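K.L.:
Quick one, what's the 3D model for this:
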Amino acid sequence: MRLHCLLDLAEEGTMSDFSKTLMDDIKTAMKAKDSVALTTLRALKSAIKNVAIEKGGADAELDEAESIAVIRKQIKQRQDSITQFEDAARPELADNEKAEIVVLEKYLPTPLTEAEITALVAESVSESGASSKADMGKVMKLAQEKSEGRADGKVLSGLVMKALS
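P.N.:
Predicted coordinates for the structure are as follows:
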């Protein structure tokens, strides 16, 4: 299946390229009879459309950062489901959620390494002039902007907290 990272799509042109690629990938999944990919991609398309409608009506489109946020939210929902299914001794349902996460992760930009995130946090702390945990919000905002969706929020938050202690 031909999947693209959102950053690659942004370099090619507008985010409508992402919509086109998503539709192409849905068609490819249909032809391949890949039910996991098909269900996941349809859910992603629907979630993106719903957020776009909330943002600005039926014809609105999301920018790259907003689309990445929707994908991350979809992944987070599936991770929560995996925990619940494993707690309920339903490994077959947890496995399905894990397969869907694999499909969704292909649309995310390449994640930053821990060393890159640490450097980014240090840079954000010095730029914001933060000196205590009370300044965490300022640092987090800067760090999230700099990471451009390529760092997990929990990891970022933990490193910011560590840097400010």
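
K.L.:
C-alpha from now on. contacts and neighbour counts both.
P.N.:
Will do.

K.L.:
how much space is there between the most centrally placed residue in the chain and Gly57?
P.N.:
Compute the mean C-alpha point of the chain, and by Cα atoms, centre = their mean the closest residue is Arg72, 2.7 Å away. Distance of Arg72 to Gly57, computed by Cα to Cα, to the nearest Å: 22 Å.

K.L.:
Which positions in whatever helix or strand the residue nearest to the centre of the chain lives in come out as buried?
P.N.:
Here Arg72, judged by DSSP states H and E, is contained in helix 64-87. Of the residues in helix 64-87, 64, 67-68, 70-72, 74-75, 78-79, 81-82, 85 count as buried by neighbour count, 16 or more other Cα atoms under 10 Å.

K.L.:
Can you lay out those residues as JSON lines showing pLDDT and distance to Ala43?
P.N.:
JSON lines is the format used below for the buried residues of helix 64-87 (pLDDT from 0 to 100; distance: Cα to Cα, whole Å):
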{"residue": "Glu64", "pLDDT": "76", "distance to Ala43": "18"}
{"residue": "Ser67", "pLDDT": "85", "distance to Ala43": "13"}
{"residue": "Ile68", "pLDDT": "84", "distance to Ala43": "14"}
{"residue": "Val70", "pLDDT": "91", "distance to Ala43": "11"}
{"residue": "Ile71", "pLDDT": "92", "distance to Ala43": "10"}
{"residue": "Arg72", "pLDDT": "89", "distance to Ala43": "13"}
{"residue": "Gln74", "pLDDT": "95", "distance to Ala43": "9"}
{"residue": "Ile75", "pLDDT": "94", "distance to Ala43": "11"}
{"residue": "Arg78", "pLDDT": "96", "distance to Ala43": "12"}
{"residue": "Gln79", "pLDDT": "95", "distance to Ala43": "15"}
{"residue": "Ser81", "pLDDT": "96", "distance to Ala43": "15"}
{"residue": "Ile82", "pLDDT": "96", "distance to Ala43": "17"}
{"residue": "Phe85", "pLDDT": "97", "distance to Ala43": "19"}
